[in-house]
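**Student:** structure for the following, please:
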Amino acid sequence: MDPWNEGYEALELRDHVASHINQVDDPIRFVTKVQKIRRQRQKVQALQIQARDKGSRVKRARNRLQEAFRSFLDAGGTIPPQGNSHDRATASLREMNATFQELEARDIDLDMVESTLVPAEWELKDSEQQLYEDILGPSASDGNDSEISVQAIKRIPETLHDGPNQNCNNLQSPKHELTGQERLSAPARKREGSQG
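**Tutor:** Model (predicted):
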């Protein structure tokens with residue numbers, strides 16, 4: 001056999017294997033990024049819920065303080081007009097009253113923003129969920145990354161039939177390279193190890 005032809009065929013074969021590896025790697029990278037976005041969204045939603053919960057607690061504490069302040073005023077009478085008293089205690093009471101009134105107005109503004117934010121968050125979540133299901137299949141709705149990986153693996157081989165030489169489709173990647181299954185399951189194994 002002509003050594004030049006052998007060398008050329010070896011280069012062609014190497015390029016073809018590399019091309020197939022890239023065809024497998026691209027969907028794997030895409031699925032990994034989608035899963036990462038999904039986990040980030042879940043983390044953000046959890047933090048938003050915590051923030052709203054803590055904000056509600058602050059609001060309740062502030063309401064109790066306002067009630068205590070009103071009870072104090074009811075017990076001691078109204079705050080003297082500005083011209084009638086200039087002592088520091090009266091000035092502080094007036095400042096407290098003005099501050100509480102401002103807080104009430106700010107609370108109303110915050111409630112309006114949150115009433116718009118919450119539906120917007122759910123719309124975003126629904127859109128993301130629909131995208132995941134369109135790309136990864138209905139199993140994306142159960143929040144199970146391993147199921148998403150299985151669906152992705154089932155779809156990946158469809159991209160491996162576009163090469164010029166159909167006889168090379170059954171070629172295995174080099175032994176030191178991870179398979180698609182190993183690449184996809186590695187993050188799940190890592191999480192299981194960290195939880196154990």
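
**Student:** does residue 38 touch residue 135 like I think?
**Tutor:** No: using CB atoms under 8 Å, residue 38 is not in contact with residue 135; the gap is 11.1 Å. Heads up, the C-betas are built off the backbone N, CA and C, glycines and all.

**Student:** neighbour count winner among the two?
**Tutor:** Taking other CB atoms under 10 Å, residue 38 and residue 135 do not tie; residue 38 has more neighbours (19 against 16).

**Student:** ok, now which ones touch that one?
**Tutor:** 128, 132 (CB atoms under 8 Å, 6 or more residues apart in numbering).

**Student:** in stretch 56-72, what's buried?
**Tutor:** residue 66 (16 or more other CB atoms under 10 Å).

**Student:** that stretch - what's its average pLDDT?
**Tutor:** Average pLDDT, stretch 56-72: 83.

**Student:** what do you get for stretch 30-45?
**Tutor:** 81.

**Student:** buried set for it?
**Tutor:** So, applying 16+ other CB under 10 Å, buried residues of stretch 30-45: 31, 32, 34, 35, 38.

**Student:** and residue 10, what's its pLDDT?
**Tutor:** Per the predicted model, pLDDT is 65 at residue 10.

**Student:** go on, residue 107?
**Tutor:** At residue 107, pLDDT is 81.

**Student:** separation between it and residue 135?
**Tutor:** 42 Å (CB to CB, to the nearest Å).

**Student:** just to revisit the earlier point, mind putting the buried residues of stretch 30-45 into CSV with distance to residue 49 and secondary structure?
**Tutor:** Formatted as CSV, those follow (distance: CB to CB, whole Å; DSSP: H, G, I helix; E, B strand; the rest coil):
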residue, distance to residue 49, secondary structure
31, 27, helix
32, 26, helix
34, 23, helix
35, 21, helix
38, 17, helix
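
**Student:** and those residues as CSV, adding distance to residue 129?
**Tutor:** Shown next, in CSV, are these (distance: CB to CB, whole Å):
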residue, distance to residue 129
31, 16
32, 18
34, 12
35, 13
38, 9
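
**Student:** which of those lies closest to residue 75?
**Tutor:** residue 38 (55.8 Å; CB to CB).

**Student:** distance of the closest one from residue 102?
**Tutor:** 41 Å.

**Student:** and if you look at residue 124?
**Tutor:** Distance from residue 124 to residue 102, by CB to CB: 32 Å.

**Student:** go on, residue 57?
**Tutor:** 20 Å.

**Student:** who are the contact partners of residue 104?
**Tutor:** Contacts of residue 104 (CB under 8 Å, 6+ apart): residue 66.

**Student:** secondary structure element for it, which one?
**Tutor:** Using DSSP states H and E, residue 104 sits within helix 88-136.

**Student:** ok, and the closest non-adjacent residue to residue 37?
**Tutor:** Spatially, and ignoring its direct neighbours in sequence, residue 37 is nearest to residue 128 (7.5 Å; CB to CB, 6 or more residues apart in numbering).

**Student:** which ones are touching the one you found?
**Tutor:** With CB under 8 Å, 6+ apart, residue 128 has these contacts: 37, 38, 41.
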